[in-house]
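1. structure for this input, please:
(2 chains)
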Amino acid sequence: SAVISQKPSRDICQRGTSLTIQCQVDSQVTMMFWYRQQPGQSLTLIATANQGSEATYESGFVIDKFPISRPNLTFSTLTVSNMSPEDSSIYLCSAGGGFGSGTQLSVL
Amino acid sequence: DAKTTQPPSMDCAEGRAANLPCNHSTISGNEYVYWYRQIHSQGPQYIIHGLKNNETNEMASLIITEDRKSSTLILPHATLRDTAVYYCIVRVGGTSGTYKYIFGTGTRLKVLA
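-> The predicted structure follows:
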């Protein structure tokens, strides 16, 4: 599996602000995936990011709330916009069969 | 999208085989079954995957029924370090060669000393 580096590993943010999470892969990949994992629950796919095209969002997730960038074949970012306490969760990046260690986000 | 059903929890004695079942009755012919596990506070770790045939690697074996509607992950000699949440996942194909992984609810395996 690909090796994924994700940062930040955790952050505490104020309501109404935005946080950008970075994901770096150790090899070139076509598809990168962003997931959310709420406490005690399974992973829910937010969107799929393909290099050179718009991200594809799953039902219940929209681009205005979770804009994604995919500038090249080894890197992607997910932004959580206009955050509220309900956005407190772990966000994970995946590519090439591997997963990042996640970003634990707490919104006050 | 195909979905998976797993028992929420299982216990297994250390040194014994752990058999984790998964139902995926709506799986399509070209959709793979993947297994990952997640140890607390870490990202999911790949274990094994298969399409039709049974598969084995250094970590586990995957047994897929002939009708592909269910599968079983086998950890042949469970250790305490195998305590984790195990996810059975269907890789769903999309357009133009794209795909996505749909996670089930997972089975929390506890290996007992």
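
2. residue A:103: neighbour count?
-> Using other C-beta atoms under 10 Å in any protein chain shown, residue A:103 has 22 other residues around it. Every C-beta, even on glycine, is put in place using the N, C-alpha and C of the backbone.

3. again but with residue A:81, I slipped
-> By other C-beta under 10 Å, the residues close to residue A:81 number 16.

4. check the contact between it and residue A:64; I expect there is one.
-> Yes - counting by C-beta atoms under 8 Å, residue A:81 does reach residue A:64; the two are 6.8 Å apart.

5. mind checking the end-to-end distance for stretch B:53-62?
-> Terminal residues of stretch B:53-62 are spaced 9 Å apart (C-alpha to C-alpha, to the nearest Å).

6. mind listing what's buried in that stretch?
-> Judged by neighbour count using 16 or more other C-beta atoms under 10 Å in any protein chain shown, the buried positions of stretch B:53-62 are B:55, B:60-62.

7. contacts for the helix or strand of chain B with the lowest mean pLDDT next, please.
-> None of the helices or strands of chain B scores lower by mean pLDDT, DSSP states H and E than strand B:99-103, at a mean of 88. Residues outside strand B:99-103 that contact it (C-beta atoms under 8 Å, 6 or more residues apart in numbering or on different chains): A:31, A:33, A:35, A:42-45, A:48, A:94, B:1-4, B:34, B:87, B:89-94.

8. go again with 10 Å.
-> Counting by C-beta atoms under 10 Å, 6 or more residues apart in numbering or on different chains, strand B:99-103 makes contact with A:31, A:33, A:35, A:37, A:41-45, A:47-48, A:56, A:58, A:94, A:97, B:1-4, B:24, B:30-32, B:34, B:36, B:38, B:44, B:87-94, all of which sit outside it.
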